[in-house]
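Student: Here's a sequence, model it:
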Amino acid sequence: MATALARDYAVQIDLNWGTEKAGTPDWVFVMGLNKVSPSNDITFQDNGDIHSGGRKSQIATAIGENLELAGLRKGTRSPAYMPDPGQEKLRAHGEEIGDRNTAHIRYWRTDEIDEAKDGYFAVNWVSSADDKEGLYGFTATCTGQGQHKQITKPAASTTKTITVPEDTTGGTFTLTVDGKTTSGITYNATPAAVRTALEKLSTVGTGSAEVTGTAGSYSVTLPSTVTTITASGSGLTPSGTVTIA
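Tutor: Below you'll find the model as predicted:
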């Protein structure tokens, strides 16, 4: 028999939950994970009686759907360090109380196992930096709120690294996704500005791009339906080649 791998999980958190945009999910991956453990916390009650021949009997009366996450604190450095936005959103919930402590999370198996859920969780975040020779880690105990939804697994995504030449002093560049080209993007645009430009394309769509990184160096995640992405740096000063890897 073939054995499934423990690592074949994907976890996303909704950046818009807890903001004025709540209800329109903005999903980003939680990166750097080395543990994803869904669990059920079941309450049992004794339902035995004198007619059971001395045999015990229990019945489940409540269930909690929980998620234990752990990993290493990671981010991008180009040159300034930018923490992973998924981790940061999770940590931010874990530092609040009341409704602000609640995170909207979805997770699924990336193999053929039929497991994919979407739900709301109270977050207990614990940073781990107690070993002077170790790495900075974390655990996030996510306690489920109510019944979670079975969902269709989100489609796989395409991730590319886009880099503007280091000697660029001005101008704009463009990105072309499956034949549709963005308007000019300022050479030192923020990740949010790059994302906005991409999501205006019919081949990408609103809410379908994720862009992280710093000005001039971006990690871009697009839907699995995307087949080709190219870039033009002819509008840069000086003119140069925008690399995609």
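
Student: How about exporting stretch 233-245 as CSV, limited to the C-alpha atoms?
Tutor: Only the C-alpha atoms of stretch 233-245 are listed here, as CSV (Å, rounded to 0.1, in the frame of the first residue of the first chain):
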residue,chain,number,x,y,z
GLY,A,233,11.6,46.7,-18.9
SER,A,234,11.9,48.9,-21.9
GLY,A,235,10.3,51.8,-20.0
LEU,A,236,12.8,51.7,-17.2
THR,A,237,15.6,54.1,-16.7
PRO,A,238,18.0,52.9,-17.9
SER,A,239,16.2,50.4,-20.0
GLY,A,240,16.8,46.9,-18.7
THR,A,241,15.6,43.3,-18.4
VAL,A,242,13.0,42.4,-15.7
THR,A,243,13.7,38.8,-14.8
ILE,A,244,11.1,36.2,-14.1
ALA,A,245,12.1,33.0,-12.4
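
Student: What are the contacting residues of that stretch?
Tutor: With contact meaning Cβ atoms under 8 Å, 6 or more residues apart in numbering, stretch 233-245 is reached by 160-165, 167-174, 184, 187, 229-232. Quick note: C-beta positions are derived from backbone N, CA and C, even for glycine.

Student: Sort out for me which of those are in strands.
Tutor: Counting by DSSP state E, the part of those found in strands is 160-163, 170-174, 229-232.

Student: Selecting buried members of the residues you listed in ChimeraX, what would you type?
Tutor: Entered in ChimeraX, the line below selects the buried ones among these, by 16 or more other Cβ atoms under 10 Å:
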select :160,162,163,171,172,173,174,229,231,232
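
Student: and which of the ones in strands among the contacts of stretch 233-245 is nearest W27?
Tutor: Closest approach to W27 among the ones in strands among the contacts of stretch 233-245 (Cβ to Cβ): K160, at 18.2 Å.

Student: buried ones in stretch 207-225?
Tutor: 208-223.

Student: what's the distance between that stretch and the middle of its chain?
Tutor: Centre-to-centre, stretch 207-225 and its host chain are 12 Å apart (Cα atoms, centre = their mean, to the nearest Å).

Student: what about it, average pLDDT?
Tutor: Mean per-residue pLDDT for stretch 207-225: 86.

Student: excluding its backbone neighbours, what's nearest P85?
Tutor: Sequence neighbours aside, V28 is the residue nearest to P85 in space, at 5.4 Å (criterion: Cβ to Cβ, 6 or more residues apart in numbering).

Student: Over to that neighbour. Which of the three states is it?
Tutor: Assigned by DSSP: H, G, I helix; E, B strand; the rest coil, the conformation of V28 is strand.

Student: I'd like the next helix or strand past the lowest-mean-pLDDT helix or strand in the chain.
Tutor: In the chain, the helix or strand scored least confidently by mean pLDDT, DSSP states H and E is strand 75-77, which has a mean of 75. From strand 75-77 onward toward the C-terminus, using DSSP states H and E, the following helix or strand is strand 81-83.
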